[in-house]
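# Okay, sequence plus prediction incoming.
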Amino acid sequence: MIIVDDCSIMLSACNVQIDDLFNLSFDINPKGLPPTKEATITVKLSSTPVKKIEATFIATDLDYSPPKIHLSRISDKKFNGKIFLSLCTLQKTKWTANFMIHTDAGIWKIIFPFIHSGDRYNITNFSPSVNK
């Protein structure tokens, strides 16, 4: 499990190096994953064969059961999927974007924590409650 704490999904793609195996880039458009609007998630990998990628966006402060998103393979190194964040709150809400990367070498869980505050999403260094 890897928790990425040095990127902002509002401004640009997030990148993480997974040991010596591969580099992962995660992006959302429109930027910031605005609530009540459909967004496209794109995951790009530098190498390593990937069987499938699943994503879940979890509101850690709310009683919310999000759907699991199965990203579609666009090419050997690119996957994408659609997300619709149906919750709109007027207060700051802690979220985690959780990715399960299934490879021949095993399953990698990569977590991108962020906070929604009004119309902006920013990466933050909070400690999400996650199951390993």
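Received the coordinates, thanks.
# Can you verify my assumption that Phe79 contacts Ile53?
Yes: because the distance of 4.8 Å satisfies Cβ atoms under 8 Å, Phe79 is recorded as touching Ile53. Backbone N, C-alpha and C define where each C-beta goes, glycine included.
# Could you tell me which residues touch both of the two?
A shared contact of Phe79 and Ile53, defined by Cβ atoms under 8 Å, 6 or more residues apart in numbering, is any residue touching both; here these are 43, 71.
# which residues does the residue nearest the centre of the chain contact?
Against the mean C-alpha coordinate of the chain, by Cα atoms, centre = their mean, the closest residue is Ala97 at 3.4 Å. With contacts taken as Cβ under 8 Å, 6+ apart, Ala97 has the following neighbours: 9, 26, 55-57, 111-114.
# ranking those by neighbours, who comes first?
Across the contacts of Ala97, the neighbour count under other Cβ atoms under 10 Å reaches its highest value at Phe114, namely 26 neighbours.
# partner residues bridging it?
According to DSSP bridges, the residues that bridge with Phe114 are Trp95, Ile123.
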